[in-house]
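Colleague: turn this into a model:
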Amino acid sequence: MTRKIRAAAAIALIGATALVAAGCSAGGNAASGGDGGKVTMTFWHNSTTGPGKAFWETTVKDFEKKNPNVTINLQAIQNEDFDGKLQTALNSNSAPDVFMQRGGGKMAAMVNAGQVLDISDAIGKNATSEISKGSFKSFELNGKTWAMPTNVDPEGIWYSKDLFQKAGITDTPTTMDELNADITKLKGAGIAPVAVGAKDAWPAAHWYYNFALRACPSSVLTKTAQDLKFSNSCWKQAGEDTKAFFDTEPFNDGYLTTSAQQGAGSSAGLIANHKAAMELMGAWDPGVISSLTPDGKPLSDLGFFPFPEVSGGKGAPGSMMGAVGGLSCSAKAPKPACTDFLNFVTQKTVQENYYKAFNSIPANQSAQSVVTEPYLKTVLEAYNNAPFVSNYLDTLYGQNVGNALNTSVVNLLAGKGSVSDIVSTVDQAAAKG
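Modeller: Numbering: from 1, shown residues only. Modelled structure (predicted):
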């Protein structure tokens, strides 16, 4: 999923649970949890299969064992459906007690609507000492903290070392010219260069996000999150760069109907089964890829490199897209039961198990010692050296603008829209609020 990250933290994909009204927070409010009464909570997450789903089931059982008065009802929701269902539940006053938090404009809308719990005074000593301040900043607004960091998801390009070698590629590209040259080599070897799940919109739009990160100064990205004005010329430049890349036809056959993370035919599945060489995605991708390999194990030849630099851009070289993953409590969740669970998830052993389940970087820095995969170490090195890390733009700028942005980029890819349409579409969405 589970995008929009700052310092040496860690966090990857995270989840939450159930659209069943009977299990929602109204049930959790039957008892406060502070007087020894029974408490029932709901938890929505986006890990629908494999080790990730098993991790949340085990973690909840372990928490319930230590807190026998608390029952947590779990439900896994497909990532691409998650935000819409959560927003509907929040607006209808039937929100889950615990849910995945992406931060950015999406979180700000929840905070402004009074739909999420302020956890500032409930963050435990363990979380405070072992999770970086930079990670917590992703969930701060109006001087308060609204979610507990769980993982860090820097973004870049995941690739098959075997397919690169087959195409005669000896080094990973650092510039767009080098990437384009490698794509030509892969095509010449009969290999689909880049997998993209354009059916889900956001994976294709992430190419525009990264071109914007290269074209725009960090000050523009930050200011736009406040005023939602896309008047700076760098937004159009990012569109031109995106179109120029799309025009090279780098993607797998059928990319417009390819999903991102569901099944062997998804973009992640194409990487897992050596049907394509590269995919642009966040640091949760290794876990998704692992679940889609023929043997269900991590891809042995998986590698990572940061998004290449683009000549003439005004973004600081080395800047990255990414996001801190986290968990929030709904405004009506039983406290302290809900915040106790959030603190429980940050414990070192739980975070180590998170890494093992998702093959992804944990937020607890003391748990990062278990990260052994070379590709994740490469991610951490790039992340820790990045001069600026931006949350994913559809998260940073809120759901309305984000959806408009994603759709307009896919329209560009499908030949149904223009570069100018990207800016005009997001401007219209911003004007509607």
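Colleague: quick one: contacts for residue 244?
Modeller: Residue 244 makes contact with no residue, according to Cβ atoms under 8 Å, 6 or more residues apart in numbering. C-beta: built from backbone N, CA, C; applies to glycine.
Colleague: would you agree it falls within a helix?
Modeller: Yes - assessed with DSSP: H, G, I helix; E, B strand; the rest coil, residue 244 lies in a helix.
Colleague: and residue 263, how far is that from residue 236?
Modeller: With the distance defined as Cβ to Cβ, to the nearest Å, residue 263 ends up 36 Å from residue 236.
Colleague: what about these two, which has more around it?
Modeller: A count of neighbours by other Cβ atoms under 10 Å puts residue 236 above the other of residue 263 and residue 236, at 16 against 11.
Colleague: low-confidence bits of the protein, can you list those?
Modeller: Low-confidence regions of the chain, defined by pLDDT under 70, span residues 1-36, 433.
Colleague: do a quick rundown of the strands in it.
Modeller: In chain order, the chain shows strands spanning 39-45, 70-76, 98-101, 140-141, 144-145, 148-160, 192-194, 276-282, 302-305, 320-329, 389-390, with DSSP state E as the criterion.
Colleague: how about these in a markdown table, adding mean neighbour count and distance to residue 420?
Modeller: Shown next, in a markdown table, are these (neighbours: other Cβ atoms under 10 Å; distance: least, Cβ to Cβ, whole Å):
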| stretch | mean neighbour count | distance to residue 420 |
| --- | --- | --- |
| strand 39-45 | 27 | 38 |
| strand 70-76 | 20 | 40 |
| strand 98-101 | 29 | 34 |
| strand 140-141 | 16 | 33 |
| strand 144-145 | 16 | 39 |
| strand 148-160 | 28 | 26 |
| strand 192-194 | 23 | 25 |
| strand 276-282 | 27 | 24 |
| strand 302-305 | 20 | 32 |
| strand 320-329 | 29 | 23 |
| strand 389-390 | 28 | 23 |
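Colleague: nearest to residue 126, out of the ones you listed?
Modeller: The minimum distance between residue 126 and the strands of the chain falls on strand 148-160, with 11.1 Å, by Cβ to Cβ.
Colleague: tilt between the closest one and strand 320-329?
Modeller: Our comparison of strand 148-160 with strand 320-329, counting by axes from the mean of the first three to the mean of the last three Cα atoms, to 10 degrees, yields an angle of 140 degrees.
Colleague: distance from the chain centre to strand 148-160, please.
Modeller: The chain centre lies 7 Å from the centre of strand 148-160; the measure is Cα atoms, centre = their mean, to the nearest Å.
Colleague: is it true that residue 122 touches residue 335?
Modeller: Yes - the pair residue 122 and residue 335 qualifies as a contact (Cβ atoms under 8 Å) at a distance of 7.0 Å.
Colleague: and stretch 380-387, which residues are buried?
Modeller: Under the neighbour-count criterion of 16 or more other Cβ atoms under 10 Å, stretch 380-387 has 380, 382, 383, 386 buried.
Colleague: farthest-separated two in the residues you listed?
Modeller: Taking Cβ to Cβ, the two most distant members of the buried residues of stretch 380-387 are 380 and 386; they sit 10.6 Å apart.
Colleague: where do the helices sit along the stretch 101-250 of the chain?
Modeller: In order along the chain, the stretch 101-250 of the chain carries the following helices (DSSP state H, counting those that start in this stretch): 104-112, 125-130, 133-137, 161-166, 176-188, 202-215, 218-227, 233-246.
Colleague: just the CA trace of the third one, in CSV.
Modeller: So the one you mean is helix 133-137. What follows is helix 133-137, C-alpha atoms only, in CSV (Å, rounded to 0.1, in the frame of the first residue of the first chain):
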residue,chain,number,x,y,z
LYS,A,133,11.4,12.6,15.5
GLY,A,134,11.4,12.9,11.7
SER,A,135,9.0,10.0,11.5
PHE,A,136,6.7,11.5,14.0
LYS,A,137,6.7,14.7,12.1
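Colleague: which elements pack onto that helix?
Modeller: When contacts are defined as 3 or more Cβ pairs under 8 Å, 6 or more residues apart in numbering; DSSP states H and E, helix 133-137 sits against strand 148-160.
Colleague: now the angle from the strand it packs on to strand 276-282?
Modeller: Computed by the same axes, to 10 degrees, the angle separating strand 148-160 from strand 276-282 equals 160 degrees.
Colleague: to residue 275, which of the helices of the stretch 101-250 of the chain lies closest?
Modeller: For these, proximity to residue 275 was assessed by Cβ to Cβ; helix 161-166 is nearest, at 9.4 Å.
Colleague: hmm, back to that, as CSV, the helices of the stretch 101-250 of the chain with distance to residue 149 would be great.
Modeller: Formatted as CSV, the helices of the stretch 101-250 of the chain follow (distance: least, Cβ to Cβ, whole Å):
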stretch, distance to residue 149
helix 104-112, 12
helix 125-130, 8
helix 133-137, 4
helix 161-166, 31
helix 176-188, 32
helix 202-215, 21
helix 218-227, 19
helix 233-246, 29
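Colleague: the strands of the chain: which one's closest to residue 246?
Modeller: Counting by Cβ to Cβ, residue 246 lies closest to strand 192-194 out of the strands of the chain; the figure is 10.5 Å.
Colleague: list the contacts of residue 329.
Modeller: Applying Cβ under 8 Å, 6+ apart to residue 329 gives the contacts 97, 98, 116, 117, 119, 335, 338, 339, 342.
Colleague: one more: residue 175?
Modeller: Neighbour list for residue 175: 308, 309, 310, 311 [criterion: Cβ under 8 Å, 6+ apart].
Colleague: and the third one, how many neighbours?
Modeller: Going back to what we said before, that points to residue 310. Under the neighbour criterion other Cβ under 10 Å, residue 310 is assigned a count of 22.
Colleague: for the first one, same thing?
Modeller: Neighbours of residue 308 under the rule other Cβ under 10 Å: 19.
Colleague: and if you look at residue 259?
Modeller: Look at residue 259: counted by other Cβ under 10 Å, it has 18 neighbours.
Colleague: surely it touches residue 198?
Modeller: No - using Cβ under 8 Å, residue 259 is not in contact with residue 198, being 9.1 Å away.
Colleague: my read: residue 51 touches residue 358, true?
Modeller: Yes - in this structure, residue 51 is within contact of residue 358 by Cβ under 8 Å, at 7.3 Å.
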